[in-house]
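Structure here, sequence nowhere to be found:
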C-alpha cells in the first residue's frame, strides 16, 4: 500500500485514539496480548519462513538467534504488552497552569504526538513492544521492520490489528510497511504530512541515514561510546566491579562501557587489578603508550579506537593527567550516552556530573543502568542520545507532546 | 571564518558558560545592554549603510522600516536584554528525582542545550534578542541574519562580543556568520558536530528549506493559518470583537486569524455583523458559496484560499454544517498554530479543546494571545508549530535540555 495512504489512515485513526480513555486503551492492549498468545502457532510458522530464508541467505548464528521466535518468546511479547497496560497513562496531565492578569486561564496539557513511525532491524519482538508503547501513549504507529523478519512481522501485526478491530477501534492505529526496500524507508523519512515523529532503532548506519535524510522530526537513538574514568580518589574495589560489569555483562548493548580512562597516579595498580578481571572474559584491550607500560598483552590503540563502539569483548584504555583531561577526552570522543566516574571525592564527583555533557552521568555505578526498566519507567522504546525532546530512556511521557488549552471570556489583545 | 571553526569555538565557550552561575550570566547581560546603548552611534551608522543599500536595491518601504534603527529602537533592544536578565534562570532545576530499590539516586536536571544556531531575516533587533535569550539559558549562539542587515548585525554583534569580553567570559558565546550566501546557511543546517539546535525565524520559504535540508535538530517556527470557529451557541458580541481583533490588530504576524468558520444556524446574522466591522479596515473576504449568499462583496474562495496565510487584511470564510465539520476543516488546512472556538456551550468548548490538534486552542479569546509575553514567559525566541520538544511559545525553559545525574555506591547491573 502507498505510504501516504497509510499515513492518512493512521492520522485519522490517531485522532479517535487520542480521545480514548485509559481504560479503553488498556482493554485494547489486553486484547492484543491475548491474541498474540492465541495465535502463537501462526506466528511461529511465519517465523519459520524467515529463519529458512535467513539460513539460505547466510545470516550469522547470532542474527538467526535474534530472529527466532518460540512459544516462550511469544509469551514474553504478550507479557510485555500486558505490562505496558499497567503503566500510568501519560496523557491528559496538567503540566502547568498559568492564570493571566487579564483573566485568561492557560493550561499546558500532555497529549499524544499523533502518528509515530518506527524503523527497526532484526528482532521481531520490537514489533509488539513499539506498537504497545505508542498505543498506550495515545499514538498511532507505522512500523517498518527489516526484510529478514518480514513474515514474522506481518503475522504479528495482522494478529494485533485483528485484536484491535475486535475492540471496535480502527485497526489503522497499527500498520506495517511491508515493502522493505530503501525507497519505503526514504518515503517514511519525508512523510512530514502524516508522521509526527520518526524513531530509528538499529545500527549506527540506519540511524545516520535517518538523521541525514529525514525531514520528519527524529529522535536519534542508541550509539553509545561510554567511558569509565577511574579517578585518583577511586575505591579500587568499586572500580574493578563496575568496569567488569559495564564491559562484560552484555557487551553488545549501547550502555556497555567501551573505554577506560585511568588517572595517572593510580593507573598502574588499577590497571593490573582491572585487567585481571577482564582477562577472565578474554577482553581485548587497546591502550595508549602509558597504559602499555603498566601491563603486558595490551595492543597499541590507534586513533580510531577512541571513537569505536566495539559492542564486543574489547575495550580501549588511556592514562590521563587529570580530571579535566578525562572530561575533554570524553567530550572529544563520547557520543553523549552514558559516562561514569569512580571516585570517593565528592567535589571531583560533582565537577564530573556538572561538566560532562551526556544523557546519563554516573558516580560509582555501572553505565549498564541507562535503561528504561532500570530507571523505573517500566518500558522504553529506545535510548535517546540527542538533546531535543527526549534524552536518555524514551518512556511513555516522551511519546507525548503538549498543547495549551486557553479559556477566555471574550479577551482581545490590545 | 569557517563555520566549523566557529562551531568548535562556540562549543568550547558553551562548556564554560554552562557552568556559569545565574548572577554572572546576568552581569554579562547587563554589560551587553550597557554597551548597546553606549555604542548606539556606531550601530546607527552601520544601519545607515544597510538602509542606503536597501534603497538602492529597491527594498519595499515596509522592509526598510523593519530594518531601520534609531536611538529609540536601540534603547528598546537594550531594555529587552535587561528584561531577560530579570527572568528566572531555567538551568539547574531538578525536574524529577527517582530513588531506586538498589539505592541508586537518579536526578533529572535541566541543563543548557549547548550551541544554538539561529537563522533569521530582516529585523536587526532579533540579533540582540536571540543572543540574550540563548545566553540566559546557558547556551552559546551562532547567528546568521539576512544580507539586508549585515552591517547592522555586524555592529550589534561586535558590540555584544566586546561587552562579553570585558566581563572575562569568552566572546565566542556570541558569533555572527557574516557570509550571507546560501552556502553558509546550508553549512549551518548540517553542522551536526557542533550545533545542538537550529531555529529558523522568518518566512515560510526559509523555514521549509531548513526543515527539509537540516540534519541538525530543528524547531520549526511560525507558520500560522489560524481559524476562528463561531459556534451555533456563540455570543455574537464576543465573536465580533474577537474576530475583529484576531484579524486586524496586526495582520502580518503568525498568530493573526486567517480563516473564519461559521456554523450554518447562525451564519447569516453573524456574518453580516462581523463583516460590518471588518469592512471598517477594508478586509478582503474570500468566501464559499454559502457565505456569499448571506452578504455582498465577498469574493469566491478558491481551494488555495483555505491554505493561505494571508498575513494581510484578507480572510477566508466558510459556512460549516457542524462542530465536527469545523474541526475536520481545521485539521485539513490548519498549521497547528492557534485555533479558536466562540461558544457559550461548555461541552462544545471541551470537545473543541480536546479534539483540535494545535499548539494553542482557545475558547472565547483572540488567537493573538499566542505569544511568549502574553503567556507570561517574559520573552520568547519564536512560536513552535512542531510537536517535538517545544510547542507554542519558545521561552527560556525550552532553550534547555536535561541530563540524568546518577549517584551510586558501587552498584552493578545483574
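Right, received. Where do you want to start? In this text, all values refer to a predicted model and were calculated from it rather than measured experimentally.

now the strands: where do they sit in the stretch 301-414 of chain A?
For the stretch 301-414 of chain A, applying DSSP state E, counting those that start in this stretch gives strands covering A:314-320, A:338-342, A:360-365, A:383-384, A:392-393, A:400-411.

So which of these is the most surrounded?
Ranked by mean neighbour count under mean count of other Cβ atoms under 10 Å in any protein chain shown, the strands of the stretch 301-414 of chain A are led by strand A:338-342, which reaches a mean of 31. For glycine as for every other residue, the C-beta is placed from the backbone atoms N, C-alpha and C.

hey, where'd the strands end up in the stretch 1-150 of chain A?
Going by DSSP E, counting those that start in this stretch, the stretch 1-150 of chain A shows strands at A:94-99, A:105-112, A:115-120, A:140-144.

can you count the residues close to residue A:304?
Counted with other Cβ atoms under 10 Å in any protein chain shown, the neighbours of residue A:304 add up to 9.

For it, report the pLDDT, please.
Note on residue A:304: pLDDT of 97.

Please report how far it lies from residue A:225.
12 Å (Cβ to Cβ, to the nearest Å).

show me where pLDDT drops low in the stretch 301-414 of chain A?
Counting by pLDDT under 70, the stretch 301-414 of chain A contains no low-confidence segment.

Please identify the residues of it in proximity to chain B?
Contacts of the stretch 301-414 of chain A with chain B, taken as Cβ under 8 Å from any Cβ of the partner chain, map to A:331, A:353-355, A:357-366, A:368-370, A:374-376, A:386-389, A:391-392, A:401-413.

how does chain A divide into domains?
Chain A breaks down by automatic domain parsing into domains covering A:3-219+A:394-407, A:226-369.

Make sure residue A:204 is actually in contact with residue A:224.
No: in this structure residue A:204 lies outside contact range of residue A:224 using Cβ atoms under 8 Å: 10.2 Å.

Helices of the stretch 101-250 of chain A, start to end?
A:125-136, A:150-166, A:182-189, A:204-213, A:236-248 (DSSP state H, counting those that start in this stretch).

closest one to chain B among the ones you listed?
When those are compared by Cβ to the nearest Cβ, helix A:236-248 sits nearest chain B, at 3.6 Å.

Say whether chain B is contacted by the closest one.
Yes: interface with chain B: helix A:236-248 contributes A:237-238, A:241-242, A:244-246 (Cβ under 8 Å from any Cβ).

Among the residues you listed, name the buried ones.
A:238, A:241-242, A:244-246 (16 or more other Cβ atoms under 10 Å in any protein chain shown).

returning to what we had before: turn the domains of chain A into CSV, including distance to residue B:68.
Shown next, in CSV, are those (distance: least, Cβ to Cβ, whole Å):
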stretch, distance to residue B:68
domain A:3-219+A:394-407, 32
domain A:226-369, 41
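
so which of these gets nearest residue B:164?
domain A:226-369 (20.9 Å; Cβ to Cβ).

Common neighbours of residue A:204 and residue A:224, please.
Counting by Cβ atoms under 8 Å, 6 or more residues apart in numbering or on different chains, the common neighbours of residue A:204 and residue A:224 are residue A:309.

Between those two, tell me which one has more neighbours.
residue A:224 (26 against 13).

how far away is residue A:63 from chain B?
Distance of residue A:63 to chain B, computed by Cβ to the nearest Cβ, to the nearest Å: 25 Å.

Please list all residues in contact with that residue.
Contacts of residue A:63 by Cβ under 8 Å, 6+ apart are A:54, A:122, A:148.

Go again with 10 Å.
Under the criterion of Cβ atoms under 10 Å, 6 or more residues apart in numbering or on different chains, the contact list for residue A:63 reads A:54, A:57, A:121-123, A:146, A:148.

so who does residue A:303 touch?
By Cβ under 10 Å, 6+ apart, the residues touching residue A:303 are residue A:333.

sorry, back to before: and of the residues of helix A:236-248 next to chain B, the nearest to residue B:273?
residue A:246 (70.6 Å).

Just to check, that closest one is in contact with residue A:337?
No: at 11.9 Å, residue A:246 and residue A:337 do not qualify as touching, with contact defined as Cβ atoms under 10 Å.

which residues are common contacts for these two?
With Cβ under 10 Å, 6+ apart as the test, residue A:246 and residue A:337 both reach A:226-227, A:255, A:258, A:367.

Neighbours of the nearest residue to residue A:398 once chain neighbours are set aside, how many?
Excluding its sequence neighbours, the residue lying closest to residue A:398 (Cβ to Cβ, 6 or more residues apart in numbering or on different chains) is residue A:390, at 3.9 Å. For residue A:390, the tally of surrounding residues (other Cβ under 10 Å) stands at 27.

So residue A:390 is in contact with residue A:396, correct?
No: at 11.1 Å, residue A:390 does not count as touching residue A:396 under the criterion of Cβ under 10 Å.
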